[in-house]
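**Student:** return atomic coordinates for the entry below.
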Amino acid sequence: MGRLVFCLRDEEMFEAIGAKVLSGIVSLSMFLFSSYTGNDPSLRPVSVTMSSSYLQVKTQLDNAFTNDFPEVFRSGVDIPVFFRVEVKSDGNVVYRRTHRSNVKFDPMQGEFTLQQTGTGLTHTYTSYQAMLSAVSTLECSIPLGTNWKTVTISVESYLPEVEFTQIRRRVDLMVLWKYKRPKTSTLFNLLRIY
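**Tutor:** Numbers count the residues shown, from 1 in each chain. Now for the predicted structure:
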């Protein structure tokens, strides 16, 4: 009798797991094979602070992950978001780096894992809204150049193509941003700090 109860519990557990996975595949399929709404993303103005040897840069995406993105983020596939940072001094590019924020959802645990190269940190979220706030934010440090006086700091964000293996389909996620790369830039005078 004890063995029968144990087998039934295992069977119920596997059914629950299967239902979660199947529901994710179905909602993803419905999204990918139906019409999508798309978003009009924008980047907030760059905020800059300075330490003795670094510029601390921060900005955030707005209106980037509404509409069709819940299905995308809950697909269980790695979803990268890129932020390209560029610094110009006297008209010359003196710094350029692309930072990546990577989101992966674990349907069994109901958790989002976010890795960010800008901070080098990994976080786990059970709240979808908390994950969205974090993946929308770029924070990074830029080493100061010795001869920089006034610099222009520009940030551009974009999404890649992603392979959704469950439905054997590759999708350019930029379609969800109507193929628009949000950009922002600011002028920062280092001399006024000294």
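**Student:** following the lengthiest strand in the chain, which helix or strand comes up?
**Tutor:** Using DSSP state E to define each element, the chain has its longest strand at strand 92-106. Sequence-wise, the next helix or strand downstream of strand 92-106 (DSSP states H and E) is strand 111-116.
**Student:** and that following strand, how far out from the chain's middle?
**Tutor:** Between the centre of strand 111-116 and the centre of its chain there are 9 Å (C-alpha atoms, centre = their mean, to the nearest Å).
**Student:** I'd like the numbering to begin with 408 instead of 1 from here.
**Tutor:** In the new count, where the first residue is 408, that last one comes out as strand 518-523.
**Student:** after it, next one along is what?
**Tutor:** strand 528-532.
**Student:** so for that following strand, mean pLDDT?
**Tutor:** For strand 528-532, mean pLDDT is 94.
**Student:** report how many residues lie close to the nearest residue to Ile486 once chain neighbours are set aside.
**Tutor:** For Ile486, ignoring the flanking residues on the chain, the nearest one in space by C-beta to C-beta, 6 or more residues apart in numbering is Val510 at 4.7 Å. Just so you know, the C-beta spots here come from the backbone N, C-alpha and C atoms, and that holds for glycine as well. The number of residues packed around Val510, counting by other C-beta atoms under 10 Å, is 24.
**Student:** mind listing the residues bridging to Val510?
**Tutor:** When bridges are called by DSSP bridges, Val510 pairs up with Ile486, Leu521.
**Student:** model confidence score at it, please.
**Tutor:** The model's pLDDT for Val510 equals 97.
**Student:** isn't it right up against Ala537?
**Tutor:** No. Counting by C-beta atoms under 8 Å, Val510 sits too far from Ala537 to count as a contact (11.8 Å).
**Student:** where in this protein is pLDDT low?
**Tutor:** Residues of the chain that meet the criterion pLDDT under 70 lie in 408-443, 599-601.
**Student:** residue boundaries of the helices in it?
**Tutor:** For the chain, the helices defined by DSSP state H cover 409-439, 476-480, 535-542.
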